[in-house]
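[1] model the structure of this input:
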Amino acid sequence: MTRSKRARTAFLINLKQFIQKHELDGVDYNWEYPGYQFGRGYLSDEEVELDYEGLLALLKETRALLGDDASITMSYYPDGRQESILVQKEATKYVNLFHAMAYDNRVQHSTMQHFEVATKQAISTFNVHKSKVTIGLPFYGRSVKNGDWKSYEDIVQQQSLTTKMNQVGDQYFNGVDLIRKKVRHALDHRVGGVMIWEVGQDCRVVEKKTGSDVHVVTCPERKMSLLLAITDELKMNDAPDSVAGVGESTNDL
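    This is a model prediction of the structure:
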């Protein structure tokens, strides 16, 4: 679709109508991944170039159509190559926030080391635009054996956890203390903030009613909520309100 001007135009007309109908702020693009095929890795340099040229055209046309007030965000995998190409292609001209998906790695899928590497690469690559980068936090666990995922809400309900724990059995996840440590790291390194995939997988600290549906409390206690761990850490570090927002098929803070 991105390689065809006609296809991009048709897509963007539909996108703008959808955004206006539902009174949305903008769009998040999550292409996994340009010039890449699962099971094979990166394709030829020519294919990579064609995909990124199409992506840049799409971003540029999206900004022109939606205007400067619209929010355009984009998720990427922090492997060093993707962020380098995005900067080289000047995607920073059209995108408000870039979300580094610092999770879904092998074995323990989202360690502090993964977060630090993604942050370091964002700073060195995006450089003066590092405030446009958020580093991803997972609100789910993955099996260190087979990669099967489970929401943090399910884990905290099924197990007796402490804030220090990041693994139960074969399920590796980010517990409260690790989440707070990652937020502090993002603040200390002055990137744009952190991104969440995704808030619906956190446990619930208050009952929520939607029409006739009742969504019960699922956090054993308030301190076990990952979202509240983030907001508490921001308050403790006197972070400005500007680091908080909602956004990747995600949510960013």
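[2] looking at this protein, which helix is longest?
    Counting by DSSP state H, the longest helix found in the chain is helix 45-66.
[3] helices and strands around that one, which ones?
    For helix 45-66, the packing partners by 3 or more Cβ pairs under 8 Å, 6 or more residues apart in numbering; DSSP states H and E come out as helix 5-22, strand 26-29, strand 71-76, helix 81-88. Where C-beta positions appear, they are placed from N, C-alpha and C, glycine not excepted.
[4] show me where the protein has helices.
    Under DSSP H, the chain gives helices at 5-22, 45-66, 81-88, 112-126, 152-158, 176-188, 226-236.
[5] where does pLDDT dip in the protein?
    Applying pLDDT under 70 to the chain flags the ranges 239-253.
[6] coming back round to it: pull the CA atoms of the longest helix of the chain into CSV?
    Extracted in CSV, the C-alpha atoms of helix 45-66 (Å, rounded to 0.1, in the frame of the first residue of the first chain):
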residue,chain,number,x,y,z
ASP,A,45,18.7,-3.5,0.7
GLU,A,46,16.5,-2.6,-2.3
GLU,A,47,13.4,-3.9,-0.6
VAL,A,48,14.3,-2.2,2.7
GLU,A,49,14.7,1.1,0.8
LEU,A,50,11.4,0.8,-1.1
ASP,A,51,9.5,0.1,2.1
TYR,A,52,11.0,3.0,4.0
GLU,A,53,10.5,5.4,1.0
GLY,A,54,6.8,4.4,1.1
LEU,A,55,6.6,4.8,4.8
LEU,A,56,8.1,8.2,4.7
ALA,A,57,5.7,9.2,1.9
LEU,A,58,2.8,8.0,4.1
LEU,A,59,4.0,9.9,7.1
LYS,A,60,4.5,13.1,5.1
GLU,A,61,1.1,12.8,3.5
THR,A,62,-0.6,12.0,6.8
ARG,A,63,0.8,15.2,8.3
ALA,A,64,-0.2,17.3,5.3
LEU,A,65,-3.8,15.9,5.4
LEU,A,66,-4.4,15.9,9.2
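[7] perfect, I'm done here.
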